[in-house]
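In: Sequence and predicted model, in that order:
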There are 2 protein chains.
Amino acid sequence: MPREYYTDLRNFLEALDQRGKLYRWSRPVDKDSELMPLMRLQYRGRADEARQAFLFENVTDAKAGRYDMKVLTGMYGSSRSIIGLGMGCEDPQGIYEKWRHAVTHPIAPVVVERGKVQEEVHTGAELEKIGLTMLPAPVEEPGFSGAIRVTGPFITKDAETGMRNVGMYSGHFYGPDRFLAGIARIHDAMLYHFPVARRRSEALPVAVCLGALPDIAYVAAANIPYGLDELSVAGAIRNRPVELVRCKTIPLEVPAEAEIVIEGELSTETTAREKAFSDYPGYLMAEHASKQVVKVKAITCRRGAIFPAILVGLPPSESNGISRTCREMMLDNYLKYGCGIPEVLEVSCPEMGGGWNWWVIRMKKSHPSKPQQVLHAAASMGATNKVIIVVDEDIDPKDPEMVMWAMSFAMQPHRDVQITTGRSPLLDPSAHALMTKPEDRSFPPPIGCSGMLIDATRKGPYPPVGLPKKHFMERAMEIWRQERMPELKLRTPWYGYPLGMWTAEDDAQAEAVTKGDYFGTSVKKNDEGKH
Amino acid sequence: MPREYYTDLRNFLEALDQRGKLYRWSRPVDKDSELMPLMRLQYRGRADEARQAFLFENVTDAKAGRYDMKVLTGMYGSSRSIIGLGMGCEDPQGIYEKWRHAVTHPIAPVVVERGKVQEEVHTGAELEKIGLTMLPAPVEEPGFSGAIRVTGPFITKDAETGMRNVGMYSGHFYGPDRFLAGIARIHDAMLYHFPVARRRSEALPVAVCLGALPDIAYVAAANIPYGLDELSVAGAIRNRPVELVRCKTIPLEVPAEAEIVIEGELSTETTAREKAFSDYPGYLMAEHASKQVVKVKAITCRRGAIFPAILVGLPPSESNGISRTCREMMLDNYLKYGCGIPEVLEVSCPEMGGGWNWWVIRMKKSHPSKPQQVLHAAASMGATNKVIIVVDEDIDPKDPEMVMWAMSFAMQPHRDVQITTGRSPLLDPSAHALMTKPEDRSFPPPIGCSGMLIDATRKGPYPPVGLPKKHFMERAMEIWRQERMPELKLRTPWYGYPLGMWTAEDDAQAEAVTKGDYFGTSVKKNDEGKH
């Protein structure tokens, strides 16, 4: 029996705590200058497997204010094992099949009358005076961030069809009761819902959900095809319908278990210049683009609410961890089941490429043309990917050293590399650093951005991988343990295996040598020749 | 005052031991099935900084034989710090300047009358009966290696000009008094010395030096320009002339401090098919090419000699560690002083690319054309390099994750990638796996092999790196230590900095936010506009 999914964020935190994945900071920590730098130390100084979620229980700010709310960060995506737990999988490798099951077996949400997230309701004059500043949103990159923000699932609807969208965006604080919507023009909310509201001369209702269960974060970040309700995929992940409550001031429904919801109306007219914020490529976006203004209508929350702060920026970071994993789940499912290529075994969309710009695909090559099919198929999942590399089944796509090895000794650039154009950069600054006109930034003239497709699989038979046969390595492991040597962290491959160029005679000779027959057949006269 | 260089290998071992870089195995270890697999566990399971040289004090073999000689491995190149010590530098970063000084200030060797390496001299009938089998050469990849070998500096001379060459090659045991010379046709000994001997219908005298001081290994592996005596560069590294003794049976001189020397005559007529051995690309070379036969004339050694075994094969391995470092020292010096490009700050020729196939160059960009100059210059150091990547000065070229980040967000393939042809593959199997004719393997038709030159520097001004300013990170470090959190291993960069796109106004706004002024100038009317 699989374990029950969590009941709410606090229940999920207990699960992290039991596995050593939560650290509680009881000392006072200043959210404006100390909090995110402490989390940053983890991202820049600890390996993925050692990272923890941080719960700051005593939050202060630059003006010596104290907050009732605690701040939680790293809970959705600071490591592979934390995301695995967030998906309800003890083994992080289990998330891919779970994801596939969820997108093919959605469970529609249900509306309930009462939800914890509405235990407190803040509206009216309180919003103008305090409003968003009741939330202990930390300064993410002190010294560079131009303001503070919330990042989480935004819910919007098509005013005419009622079709819902849930997307992971940021809301940049712009005043106690106003924020700017950090939604790109190619994102579903702006692409499909905004024009309808604008045509009707209405504002677009938007609900920002903070501290719902992790499944809501993943479906929001995953670029699920428009039309498939993200909340029904979340329902499949938690194996029960997501329970929704109706918002107090806008015609939307939100997850009842969330810690905090901001209800607002996105103006289809008024914009303002955004402040500098870090984004997924790892640079401050200091271009001060114009963004739509959202008027806050209500803030609802649980009693003793926990404020979840997702660090967005230089990878590794929580947003890049989520993006990596969502991209991997989507790409894995797309290649295997959408494109029908069972040869695909594993994908990697590493954080350092922002989840979008560096993909490695491990495959079992059944025909020389298959790597090309995989490369072109992968490039077609979205318009924004960049470097895509296909490797053989024995290469760990998540180990950059082994990918470097495959590129070094199984790839010939003139034969195995293709450069493609017509790509969109999203926020990749390599596309537009030299450009001036903002309108050219989403598709730089004359050919858009470019990608690179690399077939780094071995072409034809190869000699064996140069390592001892498995049973010799296993024997060495026995001796290593007997000698009480420090524990090893073995990388794949750790023993040799043939790859097509290896004969029975080679094998017999190799066997003889380990028995002390060093010269074997080598003095046979027919081996010798003249130079 | 710099420390004195070591007096001999045993003195160097003391230095390794004092720094925790030597492990002594006192238990009996079978060199034919156990010894190298134990060392392999280190290469596949331990990070570079944790690796040690292994001294096997009780060596047995498959036939229950015991050896007087101990086996030492990992002493020349199993980690960056060990190579640093081998170069006489406590700080491994010091090797580049030391190398530059050595190649520009060579100190000629001197011939002395007596040397420890001739304390024992084995010749005559003993060679036919025991010969090479007195050396405890381990099976390197048990189950795949087709024989055993020695790897070390080979000394040869031009019979007419007397010009010496020292190159790092292998000698594959072929009988008690014969071995095959693992020297490629493009290597100096075969390219320059062999044809002279052949024209004179003479054998080519060759001395294999095992267990000399580490400097001899590095000059042998470094591809020093033909004509500059490698031993005089070694003299500059040790800051005194290398002392040489005359060989007992051939007209060559060898380092007096070596543990073992094999004196031989390379036949310019007789060849034999080589057995399967692993090589630098990490595959077994199982093509059984023909190699020249060398007749052993004498084996000389110190009393209680230590046999040094260099593991050659899948990176990381000792031979790849040496090759990486030698390539880095040569490329660094070549770009900065040969080509006169002071913008070059650091190079990386990682082991996983075998030292040849993946180079990353960190540079300070003084002009947009400079990365192209660097790429073309680097490609011209040798005919066998492959992927070359130039990155900005703030990218650690030795951190594959940061190089991936640079490729992801500072490079546009259609603009920044060039594919070159006319390259030679050396032993890169990607070039000839599909081919059949051996004569086509060194330069596959119609255009040779190919390379890829990648400018992954930022083009034009960029927004700041998305991390907190330095003093906020330093403050976080203080808190981290006060809290007694586990120690960090911080990667570069760990704080943010501007890159051209950052104004005084941005800076003032960022400063204000850390003081709690979250809305700052954002409600100024002129910020707002209409969509």
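Out: Arrived safely, thanks for sending.
In: Tell me which residue in the stretch 201-350 of chain A sits closest to chain B.
Out: Using Cβ to the nearest Cβ, the single residue of the stretch 201-350 of chain A nearest to chain B is A:S278, 3.2 Å away. All C-beta atoms are positioned from the backbone trio N, CA, C, and that covers glycine.
In: What is the neighbour count of A:E4?
Out: Applying other Cβ atoms under 10 Å in any protein chain shown, we find 11 residues neighbouring A:E4.
In: ugh, wrong one, I meant A:F154
Out: 27.
In: One more: A:V208?
Out: By the measure other Cβ under 10 Å, the count of residues near A:V208 is 25.
In: how far away is it from A:R164?
Out: In this view, A:V208 and A:R164 are 14 Å apart by Cβ to Cβ, to the nearest Å.
In: now swap in A:Y226 and tell me
Out: Relative to A:R164, and taking Cβ to Cβ, A:Y226 is found at 10 Å.
In: Then A:G304?
Out: From A:G304 to A:R164 the distance is 29 Å (Cβ to Cβ).
In: ok, these two, which is more surrounded?
Out: Remark: of A:G304 and A:R164, A:R164 carries more neighbours, 17 against 12, as counted by other Cβ under 10 Å.
In: Is the more buried one in contact with A:G227, as I believe?
Out: No: between A:R164 and A:G227 no contact is recorded; they are 10.0 Å apart, counting by Cβ atoms under 8 Å.
In: Just give the number of residues close to the closest residue to A:V111 other than its chain neighbours.
Out: Among residues not flanking A:V111 along the chain, A:L244 sits closest, at 5.0 Å (Cβ to Cβ, 6 or more residues apart in numbering or on different chains). The local packing of A:L244 (other Cβ under 10 Å) involves 21 other residues.
In: and A:L244, bridged to which residues?
Out: Beta bridges link A:L244 to A:V111, A:P255 when assigned by DSSP bridges.
In: Now do it, the pLDDT please.
Out: A:L244 carries a pLDDT value of 98.
In: Any stretches of the stretch 251-400 of chain A with poor pLDDT?
Out: Across the stretch 251-400 of chain A, nothing is flagged by pLDDT under 70.
In: Residues of it that sit close to chain B?
Out: Residues of the stretch 251-400 of chain A lying near chain B by Cβ under 8 Å from any Cβ of the partner chain: A:267-273, A:275-276, A:278-279, A:281-287, A:290, A:292-293, A:313-315, A:350, A:352-354, A:357-358, A:386-387, A:400.
In: Please pick the buried ones from those residues.
Out: The neighbour-count criterion (16 or more other Cβ atoms under 10 Å in any protein chain shown) marks A:267-268, A:270-273, A:275-276, A:278-279, A:281-286, A:290, A:292-293, A:313-315, A:350, A:352-354, A:357-358, A:386-387, A:400 among those as buried.
In: Assign the residue of the stretch 101-250 of chain A found nearest chain B to helix, strand or coil.
Out: Ranked by Cβ to the nearest Cβ, the top residue of the stretch 101-250 of chain A for proximity to chain B is A:G143, at 2.7 Å. Classification of A:G143 by DSSP: H, G, I helix; E, B strand; the rest coil places it in coil.
In: Does it touch B:Y497 like I think?
Out: No: applying Cβ under 8 Å as the test, A:G143 and B:Y497 come out as separate, 9.8 Å apart.
In: what about the nearest residue to A:S145 once chain neighbours are set aside, neighbour count?
Out: Nearest residue to A:S145, sequence neighbours excluded (Cβ to Cβ, 6+ apart): A:V139, at 5.1 Å. Other residues near A:V139 number 30, with proximity taken as other Cβ under 10 Å.
In: any idea of the pLDDT on A:V139?
Out: pLDDT, A:V139: 98.
In: So what touches the helix ranked longest in chain A?
Out: Criterion DSSP state H: the longest helix present in chain A is helix A:318-333. With contact meaning Cβ atoms under 8 Å, 6 or more residues apart in numbering or on different chains, helix A:318-333 is reached by A:73-74, A:76-80, A:83, A:95-96, A:99-100, A:103, A:151, A:168, A:217-218, A:221-224, A:280, A:310-313, A:344, A:346-351, A:354-356, A:359, A:361, A:378, A:381.
In: returning to what we had before: so which of the residues of the stretch 251-400 of chain A next to chain B are in helices?
Out: The helices, defined by DSSP H, take in A:P400 from these.
In: So for A:E528, what's the pLDDT?
Out: Looking at A:E528, its pLDDT stands at 64.
In: One more: A:T514?
Out: In this model, A:T514 is scored at 97, pLDDT.
In: what number of residues lie near it?
Out: 22.
In: was I right about it contacting B:G143?
Out: Yes: if you go by Cβ under 8 Å, A:T514 and B:G143 touch, sitting 6.7 Å apart.
In: anything in contact with each of the two?
Out: Residues touching both A:T514 and B:G143 by Cβ under 8 Å, 6+ apart: A:F472.
In: For A:I224, give its distance to A:R100.
Out: In this view, A:I224 and A:R100 are 13 Å apart by Cβ to Cβ.
In: With neighbour numbers in mind, choose between the two.
Out: A:I224 (23 against 15).
In: Verify the contact between A:K157 and A:D188 for me.
Out: No: judged on Cβ under 8 Å, A:K157 makes no contact with A:D188 at a distance of 11.1 Å.
In: Name the nearest residue to the residue of the stretch 101-250 of chain A closest to chain B, sequence neighbours excluded.
Out: What sits nearest to A:G143 in space, not counting adjacent residues and going by Cβ to Cβ, 6+ apart, is B:K469, at 2.7 Å.
In: That neighbour and A:E141, how far apart?
Out: To A:E141, B:K469 is 8 Å away according to Cβ to Cβ.
In: neighbour count winner among those two?
Out: Between B:K469 and A:E141, counting by other Cβ under 10 Å, A:E141 is the more crowded of the two (30 against 22).
In: Wait, the more buried one touches A:M285, no?
Out: No: assessed by Cβ under 8 Å, A:E141 is found out of contact with A:M285, at 11.2 Å.
In: Touching both of those two, which residues are there?
Out: Counting by Cβ under 8 Å, 6+ apart, the residues touching both A:E141 and A:M285 are A:S278.
In: rewinding a little: wait, what's in contact with the residue of the stretch 101-250 of chain A closest to chain B?
Out: Neighbour list for A:G143: B:P468, B:K469, B:H471, B:F472, B:G496, B:A510, B:E511, B:T514 [criterion: Cβ under 8 Å, 6+ apart].
In: what's the distance between the last one and B:Q482?
Out: Distance from B:T514 to B:Q482, counting by Cβ to Cβ: 20 Å.
In: And the residue nearest the centre of chain A?
Out: For chain A, the residue nearest the mean C-alpha position is A:S323 (2.0 Å; Cα atoms, centre = their mean).
In: what's the closest non-adjacent residue to A:E274?
Out: A:K291 (4.9 Å).
In: still on that earlier bit, next, show the common contact partners of A:K157 and A:D188.
Out: Common neighbours of A:K157 and A:D188, counting by Cβ under 8 Å, 6+ apart, are A:N165.
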